[in-house]
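Trainee: Fold the following, please.
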Amino acid sequence: MATDAQHACFEAGIKFGSLYHQFAGTPVSPDSAASLERAMAESIENQPFCESVSVDIDVDALADAADDHGYVELTGQFMEVRMRIEREGVVVHAEMSMVDGYPLMQLVEVE
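Mentor: Next up is the predicted model:
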């Protein structure tokens, strides 16, 4: 039987998988980044045990990578994500950021 902490960590993984695979490939520009950040966070916050999500899209990196039409497809290289999951009194802090060219999703703290 899994512990409450293990269940909470699993929930964090589910949320990251959902966020990344739902939104990767979305066309985004510096002008639309803020609304996409909100949509991503609010979408994941709907899921059980998710207390908060913050999504920060790097608009400078978007501008540098934009094509002739002014946008780029969203990937992990353009965003940082932080989540707070709470399940059965266990609080999990997790984040996604680029590590060695890879969008690494990792646990930061389990309380």
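
Trainee: is residue 80 in a bridge, and if so with what?
Mentor: residue 56 (DSSP bridges).

Trainee: Report the contact partners of the residue nearest in space to the middle of the chain.
Mentor: Against the mean C-alpha coordinate of the chain, by CA atoms, centre = their mean, the closest residue is residue 81 at 3.8 Å. Contact analysis of residue 81 by CB atoms under 8 Å, 6 or more residues apart in numbering lists 16, 19, 40, 53-56, 95-97, 105. (C-beta placed from N, C-alpha, C; glycine too.)

Trainee: can I get these in JSON lines with neighbour count, secondary structure and distance to residue 85?
Mentor: Putting those into JSON lines (neighbours: other CB atoms under 10 Å; DSSP: H, G, I helix; E, B strand; the rest coil; distance: CB to CB, whole Å) gives the following:
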{"residue": "16", "neighbour count": "20", "secondary structure": "helix", "distance to residue 85": "10"}
{"residue": "19", "neighbour count": "22", "secondary structure": "helix", "distance to residue 85": "12"}
{"residue": "40", "neighbour count": "22", "secondary structure": "helix", "distance to residue 85": "16"}
{"residue": "53", "neighbour count": "23", "secondary structure": "strand", "distance to residue 85": "9"}
{"residue": "54", "neighbour count": "13", "secondary structure": "strand", "distance to residue 85": "13"}
{"residue": "55", "neighbour count": "23", "secondary structure": "strand", "distance to residue 85": "15"}
{"residue": "56", "neighbour count": "14", "secondary structure": "strand", "distance to residue 85": "18"}
{"residue": "95", "neighbour count": "17", "secondary structure": "strand", "distance to residue 85": "12"}
{"residue": "96", "neighbour count": "19", "secondary structure": "strand", "distance to residue 85": "13"}
{"residue": "97", "neighbour count": "15", "secondary structure": "strand", "distance to residue 85": "17"}
{"residue": "105", "neighbour count": "20", "secondary structure": "strand", "distance to residue 85": "12"}
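
Trainee: Please convert those residues to CSV, extending it with pLDDT.
Mentor: Formatted as CSV, these follow (pLDDT from 0 to 100):
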residue, pLDDT
16, 95
19, 95
40, 97
53, 98
54, 97
55, 98
56, 97
95, 97
96, 95
97, 91
105, 95
